[in-house]
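>>> A predicted structure for the sequence below; I have some questions about it.
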Amino acid sequence: RSGALVAGAIMDALYVWNGMSGNFLTWMSMKAAIVALAFLPDGGRIVVVTTLAAVVWDIPSGRSLRVLENSGRMLRARLATAGRIVAACGLSLLQGGWPMSQGTLRLRTSVWDILTGRLLHTEFADGGATEASGSATTLPE
């Protein structure tokens with residue numbers, strides 16, 4: 001469609017281009033390595049997931065609209081419910097802090113409401129792979 005945006009990341013930098021013309025539009029620097037990107041349905045906002053947090057960015061202004069904090073390292077993320085929910089998977093260290101020798105390393109999945117920033121759910125696991133996916137049509141009560 002006309003005006004569609006394309007985004008890519010290298011390390012901690014987000015780059016945005018006009019998908020129709022290929023013209024470079026802007027770049028934004030994050031505080032940590034970027035592990036996932038997802039445009040919100042309006043096309044003007046993007047969720048940028050770094051190893052430390054998920055950030056909702058307004059592309060035209062280059063401003064951060066909301067930071068979804070996470071205790072641990074995020075590795076993957078996906079949007080659901082027409083871009084209202086973000087689920088992120090990663091690693092958390094329980095009963096201590098970094099480095100890993102001071103606690104127990106566990107897999108963690110967290111789910112947030114992007115509009116409010118509210119953490120909806122967190123689940124821990126002792127092993128397995130990390131992956132996130134979403135297809136819910138309504139928000140949990």
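That came through, no problem.

>>> I'd like the next helix or strand past the lowest-mean-pLDDT helix or strand in the chain.
The weakest-scoring helix or strand in the chain, judged by mean pLDDT, DSSP states H and E, is strand 85-94 (a mean of 65). Downstream of strand 85-94, the next assigned helix or strand under DSSP states H and E is strand 104-113.

>>> Relative to the helix or strand just after that following strand, what are the paired strands and their orientations?
Using DSSP H and E, the helix or strand that follows strand 104-113 in sequence is strand 119-125. Each strand paired with strand 119-125, and its direction, by DSSP bridges: strand 104-113 (antiparallel).

>>> mind listing what's buried in the strand it pairs with?
By 16 or more other Cβ atoms under 10 Å, the buried positions in strand 104-113 come out as Leu107, Arg108, Thr109, Ser110, Val111, Trp112, Asp113. The way it works is simple: take the backbone N, C-alpha and C, and place the C-beta from them, glycine included.
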